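S.K.: please work out how this folds:
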Amino acid sequence: MKKAHDDSKKVASRADERRQALVEAAYHSVAQHGLTGLRTRDVAAAAGMTHATLHYYFATKDLLIQAVIEYAVFQRMLAYVHHYEEGDPSEGLHTFLTVLYQRMQEDPTTFLVLYDLLRHGSHEPAIRDMFLQQNIYGDWHRSLTSLLQTGIEQGKFRSDLDPANIASLLMTFMLGLGMTLLAPLPTPVEPIIDQIERWLNT
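M.R.: Below you'll find the model as predicted:
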């Protein structure tokens, strides 16, 4: 019984590794060639698998693209912003803004991949819908809203703020900062972040 359980865990682990390898290969393909250059056969080959194996894990190209979006957001963009919603709300906000910007500088490819996908989403409803999935920006928005609400209740942030609207504003700001990878702002980013924090704090 135990052997069967262990064998099952090994199979599941192997499947997770293969799926992850395919997603990473697709991510790097978009980074190098853009979404228009994404070819599932090339992705399979880059991951050391057959085309049939890729379709076993991702029955359609759209499912593969969805996985790339989730990978870019959760494993590359937000993975280093640890538990910003816990503890002191002011410190959590500072962590969210500064660490995410630092991550942007260290790993610009992630933001460029997301921008390419978002650009296609403007005229491809299927891709746009992927970004509207609750587990993409929805969870991110909820955690920020909760952080801001807690800060207001504790007197850390201004009482006249609308947490949901400010959360959307902060997300828009941070995603927009990715554009500075292509065209730098006329002023440094750090003082802008400091200004935002002082604006929100009591």
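S.K.: which residues touch the residue nearest in space to the middle of the chain?
M.R.: Nearest to the geometric centre of the chain sits V73, at 1.2 Å (C-alpha atoms, centre = their mean). Counting by C-beta atoms under 8 Å, 6 or more residues apart in numbering, V73 touches L114, I136, Y137, W140. From N, CA and C alone the C-beta is placed, and that goes for glycine too.
S.K.: between the residues you listed, which sits nearest D194?
M.R.: W140 (22.4 Å; C-beta to C-beta).
S.K.: could you break the chain into its assigned domains?
M.R.: 1-59, 62-200 (automatic domain parsing).
S.K.: quick one: end-to-end length of the longest one, please.
M.R.: Length of domain 62-200, first residue to last, C-alpha to C-alpha, to the nearest Å: 39 Å.
S.K.: could I get the domains of the chain as TSV with mean pLDDT?
M.R.: Converted to TSV, these look like this (pLDDT from 0 to 100):
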stretch	mean pLDDT
domain 1-59	89
domain 62-200	89
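S.K.: list buried residues within the contacts of V73.
M.R.: For those, a burial check counting by 16 or more other C-beta atoms under 10 Å picks out L114, I136, W140.
S.K.: now F157, what are its backbone angles?
M.R.: phi -120, psi 160 (degrees, to the nearest 10).
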